[in-house]
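> model this:
(2 chains)
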2 protein chains.
Amino acid sequence: MGILEARIQPLPARRTPLHEVEIGAVLAEDIIASEAVPTFDASTMDGYAVIAADGKMPRRMLGERQAGHTDGRHLAPGECLRIMTGAPLPCGANAVIPVEFTREDQGWMYSDLEPHVGLNIRPAGSDVASGQTVLPIDSALGAAEIGLLAALGVSNPAIYPAPRVAILTTGDELAPQGQVLQPGQIRDSNSYVLAAAIRGAGAQARRVARIADTRAALRAALLEAVQDADLVISTGGVSMGTHDLVKPVLEELGTVHFGRVAVKPGLPLTFATVSGTPVIGLPGNPVSTLVGFEMEIRPVLRAMAHRRARWRPERQVRLAHSIRHEEARLEFQRAHIELIEGTWWARATGSQASSRLLSLVGANALLRIPRGTGDLPEGASVTAVLIDSPEQDVAP
Amino acid sequence: MGILEARIQPLPARRTPLHEVEIGAVLAEDIIASEAVPTFDASTMDGYAVIAADGKMPRRMLGERQAGHTDGRHLAPGECLRIMTGAPLPCGANAVIPVEFTREDQGWMYSDLEPHVGLNIRPAGSDVASGQTVLPIDSALGAAEIGLLAALGVSNPAIYPAPRVAILTTGDELAPQGQVLQPGQIRDSNSYVLAAAIRGAGAQARRVARIADTRAALRAALLEAVQDADLVISTGGVSMGTHDLVKPVLEELGTVHFGRVAVKPGLPLTFATVSGTPVIGLPGNPVSTLVGFEMEIRPVLRAMAHRRARWRPERQVRLAHSIRHEEARLEFQRAHIELIEGTWWARATGSQASSRLLSLVGANALLRIPRGTGDLPEGASVTAVLIDSPEQDVAP
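Take a look at the predicted model:
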């Protein structure tokens, strides 16, 4: 699987401000702590910093220390310092008695608690030691890992960036949103479908929608798009008509590596390079666009960003009804799968016409029907590729 | 579960430009097609629009029609029109012969194919009929559903918006990124942890980091934050110290509903309302912050956005080693769970000190150890709450 993956290079690492690092991004460097966390012995409670060996004896109060504040103060035997959670221990102190076990009166602190050395202290370096490798290269970053980088002062980590994808939809028939349809027009839906799917794959999408069917318009749009994109996806204009311009214009501007991959829906897929930027031409039908994206482009985007989970999980399922299939083609049928008494059953989501976005509504799987397979009876076992379903937008 | 959920209202619907609608957003209206898709009979192939009853006879070519273009032309018996994929059929035509089955010569088209009525035609309304309810209220939107809205010209759907969350981190001890630590200082990591976790929950995060420990600073920051946030989360300043300001300032500015929920880590949780905006105070320790967010705030954010999957999935697991637990507290221990020969085993991720973000690195579950349970032996069965792991950033 993945005819494009071998031909498109992963992106180079980029230093990225920490507040822009997204969940799921992958580290491009080992993170070695250049400072300890914490850098000082800190109190973990509101209470009194004391010398443990003083036991239960009343202690003379020197004053108070809040978190973030310090001074040169030393604690001598018989002395204590009121201290807040997170504040640094004064020199000489080796325990903290929590405030709820104390009484303060006239500059003296009384407690029945006999502290042991280290009580309620978070020692310097106890969370992270200086020099420790806290995250190795290729670690995927979640909220905790991003927080750890912040705690260590790694404000510009080297990560693999999210690919920037430009979306070109082509066709004189495409009408913009917010305008009455003229005879023969349809609305541009592909740029919306792709933008949502691209963001769902962890990449960035920019819509350059509705390029007119002229060589000049397409050439200008492509040359502009490749400037600041890591990948360009075009839809439409790749079938056999005399006015299909994408392939000839790509041949003029760059190198066309191949076209016409036999997957239904998604028959004619074109792949080219223009000024070093990969360009993928998808058909104009919205279902072809989304299935083509799922099967061929999403894994590429994940590989470009060095992500671990490149492929959708798969599962063997049984057909709840017979389906028709042309032997000559690999096909992906849209389906809803459901676990019933220990068996996963698949039901196709209505007419599989490749224009029909409704066939993807409610689908949580694509059934892979291989080339060489004919019609399939009810109960037949097929492979289901599990796609995102907005109903299941949480981790497994 | 969810002491906050009952007290925080779901957000009202908002019309949102389609290109800003995020995957997972929930519809706040039925979507009824106000126009058919397509609005006209369209060719599904590049070829020739013909009259089926003409059979195999040679046909006189009237000219050509591209997608998006039309005219008043009528087809009479014996005539044909060259037509591109997606172009509207001329009046009178009722079939399309694909170009690969034809030959054109001197203004005449020849074909051995005998077309049937409807061949290669996508009839008006065949994808969506006008008046059809295509998506009911409360549907969750994925890429296909967003594309369907685009195809129907629904450019400003009513959806439930993503909550806007302001993050206030408080404490004189917090140092910014990119600055050498002064004695007693630690780096602000909570605002990064929370921003990533909030975005991971499908909400918007704004960091208002490092508010100094003075009443005036906190008051000003809170009053500013509640202006344009649906929820404010503060960290730090909620324990028992004399300098803990969050609760008194919240009492001054609004209504404090409760504080001090006995969950470890995450002991003192404060909940208030200021100018109608809910404010949640979390402790200053980063692990408390993230676990408190996971257990109490994430479900609230999902409920505010009317999302379906509010709670993390859970699973019964067995302990790979004994663990210690204070009977008096509900506790969430960070763990990595793994399926070994049919059984899920859990292993705690090192020291469970609540400052130690490293204990969340590599964790894919929180073990819920209920109040009233003491130490647990190896092999004991416990409930694991499955949290996002950046290694698993795809749907199940």
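> close to chain B, is the top helix by length along chain A?
Ordering each helix of chain A by length in residues (DSSP state H) puts helix A:215-227 first. No: residues of helix A:215-227 contacting chain B under CB under 8 Å from any CB of the partner chain: none, with a closest distance of 12.9 Å. (Each C-beta comes from the backbone N, C-alpha and C, glycine too.)
> that helix packs against which elements?
The contact analysis (3 or more CB pairs under 8 Å, 6 or more residues apart in numbering or on different chains; DSSP states H and E) places helix A:215-227 against strand A:164-170, strand A:204-211, strand A:231-235, helix A:246-253, strand A:270-274, strand A:277-282.
> quick one: the last one near chain B?
No: counting by CB under 8 Å from any CB, no contacts exist between strand A:277-282 and chain B, the nearest distance being 13.1 Å.
> starting at the chain centroid, how far to the helix or strand just after that strand?
Following the chain from strand A:277-282 toward its C-terminal end, the next helix or strand by DSSP states H and E is helix A:286-292. Mean C-alpha position of helix A:286-292 versus that of the full chain (CA atoms, centre = their mean, to the nearest Å) differs by 22 Å.
> helices and strands around helix A:286-292, which ones?
For helix A:286-292, the contact count by 3+ CB pairs under 8 Å, 6+ apart identifies helix A:190-200, strand A:277-282, strand A:330-340, helix B:143-151 as packing neighbours.
> pipe those into TSV and attach distance to residue A:16, mean neighbour count and mean pLDDT per row.
Supplementary listing: the helices and strands packed on helix A:286-292 in TSV, determined by distance: least, CB to CB, whole Å; neighbours: other CB atoms under 10 Å in any protein chain shown; pLDDT from 0 to 100:
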stretch	distance to residue A:16	mean neighbour count	mean pLDDT
helix A:190-200	18	26	95
strand A:277-282	21	24	93
strand A:330-340	35	19	91
helix B:143-151	26	27	95
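> follow-up on the earlier one: can you say which of the helices and strands packed on helix A:215-227 is nearest to residue A:310?
With CB to CB as the criterion, residue A:310 lies closest to strand A:231-235 of the helices and strands packed on helix A:215-227, at 15.0 Å.
> so what's the nearest residue to residue A:274 once chain neighbours are set aside up against?
Take residue A:274 and drop its neighbours on the chain: the residue closest to it by CB to CB, 6 or more residues apart in numbering or on different chains is residue A:254, 3.5 Å away. With contact taken as CB atoms under 8 Å, 6 or more residues apart in numbering or on different chains, residue A:254 is in contact with A:272-275, A:279.
> wait, what's in contact with the residue nearest to residue A:325 when sequence neighbours are not counted?
Nearest-residue entry for residue A:325: residue A:369, 4.8 Å, with adjacent residues in sequence omitted and distances by CB to CB, 6+ apart. By CB under 8 Å, 6+ apart, the residues touching residue A:369 are A:323, A:325, A:330-333, A:376, A:382.
> next one: residue A:317
Residues counted as contacts of residue A:317 (CB under 8 Å, 6+ apart) are A:335, A:337, A:344-346, A:365, A:367, A:381-384.
> okay, angle between the longest helix of chain A and strand A:270-274 too, please.
70 degrees (axes from the mean of the first three to the mean of the last three CA atoms, to 10 degrees).
> distance from helix A:215-227 to the middle of the chain?
Going by CA atoms, centre = their mean, where helix A:215-227 is centred and where its chain is centred differ by 29 Å.
> coming back round to it: deepest in the core, which of the helices and strands packed on helix A:215-227 is it.
strand A:231-235 (a mean of 27; mean count of other CB atoms under 10 Å in any protein chain shown).
> note down every partner strand of it and its orientation.
Taking DSSP bridges as the criterion, strand A:231-235 pairs within the sheet with strand A:164-170 (parallel), strand A:277-282 (parallel).
> touching that strand from outside, list them.
Outside of strand A:231-235, the residues that reach it under the criterion CB under 8 Å, 6+ apart are A:8, A:163-170, A:190-191, A:194, A:222, A:225-226, A:246, A:274, A:277-284, A:289, A:293, A:297, A:300-301, A:304.
> go with 7 Å
Outside strand A:231-235, the residues within contact range by CB atoms under 7 Å, 6 or more residues apart in numbering or on different chains are A:163, A:165-170, A:190, A:194, A:222, A:225-226, A:246, A:277-284, A:289, A:297.
> what about it, average pLDDT?
Model confidence over strand A:231-235, given as mean pLDDT, is 95.
> so how far is that strand from its chain's centroid?
Chain-centre distance of strand A:231-235: 20 Å, with CA atoms, centre = their mean.
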